[in-house]
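**Student:** only geometry, no sequence info:
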């Protein structure tokens, strides 16, 4: 009974409190009520503010999760690429450190149709791959044969050239051998089969000489600086030639030929870059600690390999340069080694392992020694640097008797370089229709194990004379094409007008420089018509007589264009009218 009474009292109290609150709410707002209302409002504001804080917190948490997912994706990509690369290597492929497997070709500009975010993520993956898995730097003390690349403003051309250099650089093999503990591959080996490749790292370091300061070109250079250093352990340097106005003398009519200006500037750039490298100044570009590693200065070069920004190299380009370097250093009858054949069309060449001596300097991927640049001990005034191409046209200047001095050039029968630049170059696409047909050898020849003894000046001359003296003499192009299936044949030309007509018949280069036809050896131009094993020789008249006492060796004899042609029995003729 008492519990029931207590319960009814409590119920009445609750009702009273409720009625009182209703009365209070119904009354006009007084000062006291305002304070109460304000208190209630502040509580509401606190709740709203607290709710906003929760939302911001949630956004931050979601953002962190998204970032973690992105980074996780990047790490998975990098790890997967690394595993794929390792699996590829374990399968015994000889291209153990191919940059295609190690890192995709950099996309310097966003491809059309690709999303900005996707492209940015892919670039980030590439950058992380470089930073997270850098290879050790190769032994800088073995880098006596740097690669020089001449560039101006064609960034897309330079990128194509650099990618091929990266793909085909011998540092891939050296890095793999170094990681396996085979130090002899870099330091040196007495194994006769390894005598060339073991003692030096050819094509390293890489020096890109830029004419001026084009920003797009600089962007390409910096991208590939990281790739070469981080992925194959080869340092890359950039030097800048201060492009300035040049003196272009008026022609015989008192007019200035504007087209000559580009050639004069290019020649000045070449001279600047070569001297910077041979003097060692190219290594002082302040980049020794660019990527948080110290790069010691390489030794002064013994020789330099030269490319331009629009030249693509074959797989065995560096092997060819490595195998011929010793001969170039020791044989003072040689001016250079070139990887290019001016008449190297597919239908006119056959033997990818054949190297020859030539009196014509082709350029387009070549190598010279320090003795050629500075001047040798026996011929101290012969250095090219003393009066480098004062009138421009550096390649034609190099072909003149005063510079060449009877020295010869080693070149392959099948080209190891391809000239693809037909736009915005100094030559403005001159001879591009012929250059585009040059065959670029696809087989990777291990030149270091090939026998080079036949390239000595006397051995090559003996074998060449023996072959051409036995070739069948014919009087016409028709006869030559008929007999070439079974014999070497030769056609005589007595002047360059006749030579040009024969060259047009066989679709080869028809010009001459300083009395030397392109690819010529003692005035003889050879072609393998139809890719057979026999040659058609276009030869001067002396070839039908006794062998001259100085056949194949005219080095350091004082010749002019006229005296050389007189000895060969060739008459000069006016150039063709185009």
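**Tutor:** That came in fine, so what should we check first? Predicted model, so just to flag it, every value in this text is computed and none were measured. Numbering: from 1, shown residues only.

**Student:** Low-confidence bits of the stretch 401-550 of the chain, can you list those?
**Tutor:** Within the stretch 401-550 of the chain, the ranges that satisfy pLDDT under 70 run 422-436, 439.

**Student:** same question, the stretch 251-400 of the chain
**Tutor:** Judged by pLDDT under 70, the stretch 251-400 of the chain has its weakly predicted residues at 251-257, 285-292.

**Student:** how does it look with 50?
**Tutor:** The model of the stretch 251-400 of the chain has pLDDT under 50 over residues 287-289.

**Student:** now the strands: where do they sit in it?
**Tutor:** For the stretch 251-400 of the chain, the strands defined by DSSP state E, counting those that start in this stretch occupy 303-308, 311-313, 334-338, 355-358, 366-369.

**Student:** among the ones you listed, which is nearest residue 274?
**Tutor:** strand 303-308 (6.7 Å; Cβ to Cβ). (Each C-beta comes from the backbone N, C-alpha and C, glycine too.)

**Student:** Strand 334-338 and the closest one, what's the angle between them?
**Tutor:** Orientation of strand 303-308 against strand 334-338 (axes from the mean of the first three to the mean of the last three Cα atoms, to 10 degrees) gives an angle of 50 degrees.

**Student:** list the buried ones in strand 303-308?
**Tutor:** Using 16 or more other Cβ atoms under 10 Å as the test for burial, strand 303-308 gives 303, 304, 305, 306, 307, 308.

**Student:** right, and the strands of the stretch 251-400 of the chain - which one's nearest residue 401?
**Tutor:** strand 334-338 (11.8 Å).

**Student:** Contacts for that closest one next, please.
**Tutor:** Here strand 334-338 makes contact (Cβ atoms under 8 Å, 6 or more residues apart in numbering) with 320-321, 324-325, 327-328, 361-368, 372, 398, 404, 407-411.

**Student:** Could you double-check that residue 494 lies in contact with residue 572?
**Tutor:** No: with contacts counted by Cβ atoms under 8 Å, residue 494 stays clear of residue 572, the gap being 11.0 Å.

**Student:** For the stretch 101-250 of the chain, which segments are assigned as helices?
**Tutor:** Secondary structure of the stretch 101-250 of the chain by DSSP state H, counting those that start in this stretch: the helices cover 116-132, 155-168, 171-179, 184-187, 215-232.

**Student:** ranking those helices by mean pLDDT, which is last?
**Tutor:** Per-stretch mean pLDDT for those is lowest at helix 184-187 (a mean of 42).

**Student:** returning to that earlier point: can you redo the strands of the stretch 251-400 of the chain as a markdown table with distance to residue 449?
**Tutor:** Output for those, formatted as a markdown table (distance: least, Cβ to Cβ, whole Å):
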| stretch | distance to residue 449 |
| --- | --- |
| strand 303-308 | 20 |
| strand 311-313 | 20 |
| strand 334-338 | 18 |
| strand 355-358 | 14 |
| strand 366-369 | 19 |
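
**Student:** closest one to residue 270 among the ones you listed?
**Tutor:** Closest of those to residue 270 is strand 303-308, at 8.2 Å (criterion: Cβ to Cβ).

**Student:** From the rest of the structure, what touches the closest one?
**Tutor:** Strand 303-308 is contacted by residues 144-151, 161, 165, 202-203, 274, 277-278, 313, 318, 321, 325, 328-329, 364-370, 373, 417, 421 when judged by Cβ under 8 Å, 6+ apart.

**Student:** are any of those buried, and which?
**Tutor:** For the contacts of strand 303-308, a burial check counting by 16+ other Cβ under 10 Å picks out 144-151, 161, 165, 202-203, 274, 277-278, 313, 318, 321, 325, 328-329, 364-370, 373, 417, 421.

**Student:** what's residue 405 in contact with, if anything?
**Tutor:** For residue 405, the contact set (Cβ under 8 Å, 6+ apart) comprises 379, 382, 555, 556, 557.

**Student:** Quick check: the gap between residue 134 and residue 225.
**Tutor:** Noted for residue 134: a distance of 13 Å to residue 225, by Cβ to Cβ, to the nearest Å.

**Student:** When those two are compared, which one has more neighbours?
**Tutor:** residue 225 (20 against 16; other Cβ atoms under 10 Å).

**Student:** Kindly tell me how buried residue 539 is, as a neighbour count.
**Tutor:** 24.

**Student:** My understanding was that it contacts residue 523; is that so?
**Tutor:** Yes: with contact defined as Cβ under 8 Å, residue 539 and residue 523 form a contacting pair (6.8 Å).

**Student:** before we move on, the earlier item: overlap in contacts, residue 134 and residue 225.
**Tutor:** Residues touching both residue 134 and residue 225 by Cβ under 8 Å, 6+ apart: none at all.

**Student:** I'd like to know which of the buried residues of strand 303-308 is nearest to residue 157.
**Tutor:** Taking Cβ to Cβ as the measure, residue 157 lies nearest residue 308 of these, at 8.7 Å.

**Student:** Report the separation between residue 547 and residue 314.
**Tutor:** Distance, residue 547 to residue 314, using Cβ to Cβ: 35 Å.

**Student:** When the two are compared, which one has more neighbours?
**Tutor:** Higher neighbour count among residue 547 and residue 314: residue 314, with 26 against 15, using other Cβ under 10 Å.
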